[in-house]
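> Below: sequence and its predicted model.
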Amino acid sequence: MNRISWLFLQVFERSQDLLLQCATPDAVMRLKHTHLAPLSEAYADRYYNHQKHDSLVELLEQEVSQKDHTDYGVFLQVRLISGLLDQWW
């Protein structure tokens, strides 16, 4: 594999991870009913076993501890759905 192919693969995989990090659990579960069905189990495994979605603290710890953020910092956008918050308040 030449350097350009390797670099393209790295960018592609990182892009997939970032998009998956933004997905909702419902969207991940619905993948099996789309044209991505052959990959749905792999994406679900990545989402549930390799990314942090249960706790904001765990997500922050994971993101801050990554070495590739040392040059440019960390940007995270947290989106809360008010209907869910109303149940707790």
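Perfect, thanks for sending it.

> hey, let's count contacts and neighbours off CA atoms from now on
Noted.

> low-scoring pLDDT stretches of this structure, where are they?
Scanning the chain for pLDDT under 70 picks out the ranges 67-72, 80-89.

> Now do the longest helix anywhere in the chain: everything it contacts.
Using DSSP state H, we find that the single longest helix of the chain is helix 3-22. Here helix 3-22 makes contact (C-alpha atoms under 8 Å, 6 or more residues apart in numbering) with 43, 47, 51, 53.

> What's the first helix or strand after it?
helix 25-30 (DSSP states H and E).

> That following helix - contacts with which helices or strands?
helix 40-45 (3 or more C-alpha pairs under 8 Å, 6 or more residues apart in numbering; DSSP states H and E).

> Can you give me the buried ones in the helix it packs on?
The neighbour-count check on helix 40-45 (16 or more other C-alpha atoms under 10 Å) flags 40, 43, 44 as buried.

> ok, now stretch 47-66?
Within stretch 47-66, the residues scored as buried using 16+ other C-alpha under 10 Å are 47, 52, 53, 63.

> now stretch 24-36
Here stretch 24-36 shows 28, 31 as buried, counting by 16+ other C-alpha under 10 Å.

> mind checking the end-to-end distance for it?
16 Å (C-alpha to C-alpha, to the nearest Å).

> Could you list the residues in contact with it?
By C-alpha under 8 Å, 6+ apart, stretch 24-36 touches 37, 38, 40, 41, 43, 44, 47.

> Assign residue 75 to helix, strand or coil.
coil (DSSP: H, G, I helix; E, B strand; the rest coil).

> Please name the residues that touch residue 62.
residue 52.

> Let's check: the centremost residue of the protein is which one?
By C-alpha atoms, centre = their mean, the chain has its centre lying nearest to residue 21, at 1.7 Å.
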